[in-house]
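Participant: all I have is the shape, not the residue letters:
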């Protein structure tokens with residue numbers, strides 16, 4: 001069995017566990033992204049994950065585990081790094097307009113090349129800047145544990161549309177962070193994610209704007 005076939009089987013098995021269906025061309029695009037990440041990672045140190053199989057689990061499946069919660073037509077992925085979860089989500093949702101935001105020049109250079117190679121230029125934009133400098137409003141915002149919830153919202157809360165959803169990916173259940181949510185936002189839900197092949201805690205915190213009522217306390 002070729003390495004590509006082994007990765008394909010690993011991805012498809014994970015998608016089955018997540019109850020997701022991606023067509024063959026999209027599966028191949030996801031694997032093309034892993035190939036590109038592997039090649040660039042040797043020189044650019046984009047991610048601590050070095051093994052292709054682990055990239056399928058820790059980058060592709062970890063990202064796609066939140067696909068069902070992505071709503072609307074526009075998405076901003078803040079602190080995207082090597083494009084996670086923004087690129088796997090963009091590949092899985094062809095109708096989605098995605099902004100990948102990262103201030104690191106090397107990572108932004110990789111992101112622009114990934115957008116070109118994966119033929120995403122018509123609907124994925126790379127913003128090489130700090131989160132605070134991004135302009136616009138988005139139906140959905142993703143952020144993968146790059147800061148506390150309070151800091152994330154302080155830097156990027158202005159980007160969340162009136163009916164938008166902020167999808168914050170966390171490891172352990174972040175009770176302290178939930179207790180210290182800034183005014184103007186509320187917790188809609190917290191979901192425990194089961195990522196196939198990943199022996200680690202994962203939680204998705206969904207945040208919306210609050211125009212009157214205070215944030216509810218969420219217990220595990």
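Facilitator: Ah, there it is. Computed from a prediction, not measured in an experiment: that's the story for all the values here. Numbering: from 1, shown residues only.
Participant: show residues contacting the strand ranked longest in the chain.
Facilitator: In terms of residue count, the longest strand belonging to the chain (DSSP state E) is strand 160-170. Strand 160-170 has contacts (CB atoms under 8 Å, 6 or more residues apart in numbering) with 62, 66, 69-72, 85, 137-145, 149, 152-153, 157, 177, 185, 188, 202-209. For every residue, glycine as well, the C-beta is placed using N, CA and C.
Participant: which of the residues you listed fall in helices?
Facilitator: Taking DSSP state H as the definition of helices, those contribute 62, 149, 152-153, 177.
Participant: in the longest strand of the chain, which residues are buried?
Facilitator: Within strand 160-170, the residues scored as buried using 16 or more other CB atoms under 10 Å are 160-161, 164-170.
Participant: cool, stretch 198-209 as well?
Facilitator: 198, 202-208.
Participant: re earlier: can you put the ones in helices among the contacts of strand 160-170 in JSON lines and add distance to residue 105 and neighbour count?
Facilitator: Conversion of these to JSON lines gives the following (distance: CB to CB, whole Å; neighbours: other CB atoms under 10 Å):
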{"residue": "62", "distance to residue 105": "25", "neighbour count": "24"}
{"residue": "149", "distance to residue 105": "27", "neighbour count": "23"}
{"residue": "152", "distance to residue 105": "22", "neighbour count": "23"}
{"residue": "153", "distance to residue 105": "26", "neighbour count": "23"}
{"residue": "177", "distance to residue 105": "30", "neighbour count": "17"}
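Participant: which ones are touching the most centrally placed residue in the chain?
Facilitator: Centroid check for the chain by CA atoms, centre = their mean gives residue 85 as the closest residue, at 2.3 Å. For residue 85, the contacting residues are 62-64, 66, 77, 142, 144, 169, by CB under 8 Å, 6+ apart.
Participant: alright, I will stop here.
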